[in-house]
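Colleague: no sequence on this one, just coordinates:
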Ligand code: PGA
């Protein structure tokens, strides 16, 4: 498997066309770090324009519908994302799971639809604070993996898993390197069960309050193959500092 770290920015519901300049700056910066794979998932409205400008970063969606088309007002399909230049999609983010009541089965159906449409997929998992305090973090995350990962053979090369403890997202509270190491080892063990050797290609990202100050330490943890970054991905300055933490600049 490639050890090129994968740094993904999740812009969530942030970004007007005026912010495309930030994306262009991120693209220019990423071009100087060819040892790091860089991607941004902007809101749907910016995907086409951002993809048109991008040559050093991948552009993707933050969600997609499980159907290819049809009477689903307000939804966007994986085929539509691909059509406007997206190459990947995030599914199962905890904000989708909690605020849009997305079950593991829904997340899996979306992941399957995205793979069928030719997109790469980032499947998010993570426990709540209550679940962690109850000692259930690993069990919860493993159950999410079991029920939301796509299972079609031959697709592991298109999959990434993002471990994002819900209590660390947007809170400034970061999981300790020891907790991240334990969870990523547990996730790797589940991937081995599901995908055997093929699963070794699957990177496991950490997400939750990643910033330039903590990125070096988190990215050094065993089995951390990159980061999924929310707030700190919104400006070129803060996001490129994380990219720089992931790999040296080329001369
Ligand atoms: P955060 O968000 O970096 O703002 O905590 C991460 C995410 O939700 O993907």
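Modeller: Perfect, I can see it now. Note that the structure is predicted; figures quoted are calculated from it, not measured. Numbering: from 1, shown residues only.
Colleague: What is the burial count for residue 118?
Modeller: 12 (other C-beta atoms under 10 Å). All C-beta spots, glycine's among them, are computed from the backbone N, C-alpha and C.
Colleague: didn't it look like it was pressed against residue 82?
Modeller: Yes - between residue 118 and residue 82 a contact is recorded at 5.7 Å, counting by C-beta atoms under 8 Å.
Colleague: so what secondary structure elements neighbour the one helix or strand residue 47 maps to?
Modeller: Secondary-structure element containing residue 47, defined by DSSP states H and E: helix 44-53. Contacts of helix 44-53 with other secondary structure elements, assessed using 3 or more C-beta pairs under 8 Å, 6 or more residues apart in numbering; DSSP states H and E, are made with helix 20-31, strand 57-61.
Colleague: tell me what the next helix or strand after the last one is packed against?
Modeller: Right, the one you point to is strand 57-61. Along the chain past strand 57-61, the next helix or strand (assigned with DSSP H and E) turns out to be helix 78-83. Using 3+ C-beta pairs under 8 Å, 6+ apart as the contact test, the elements touching helix 78-83 are strand 57-61, helix 104-116.
Colleague: Out of those, which one sits most buried?
Modeller: Per-stretch averages of neighbours, counted by mean count of other C-beta atoms under 10 Å, single out strand 57-61 among these, with a mean of 25.
Colleague: And residue 69, how close does it get to residue 158?
Modeller: 22 Å (C-beta to C-beta, to the nearest Å).
Colleague: Which one's more surrounded, these two?
Modeller: Neighbour count, other C-beta under 10 Å: between residue 69 and residue 158, residue 158 has more, with 18 against 10.
Colleague: Residue 120 is in contact with the more buried one, correct?
Modeller: Yes - the pair residue 158 and residue 120 passes the contact test of C-beta under 8 Å, sitting 4.6 Å apart.
Colleague: Measure how the helix holding residue 47 sits relative to helix 20-31, angle-wise.
Modeller: Using axes from the mean of the first three to the mean of the last three C-alpha atoms, to 10 degrees, one finds that helix 44-53 and helix 20-31 are set 50 degrees apart in direction.
Colleague: Show residues contacting helix 44-53.
Modeller: Judged by C-beta atoms under 8 Å, 6 or more residues apart in numbering, the contacts made with helix 44-53 from elsewhere in the structure are 11, 15, 17, 19-20, 23-24, 27, 40, 42, 59-62, 76, 81, 84-86.
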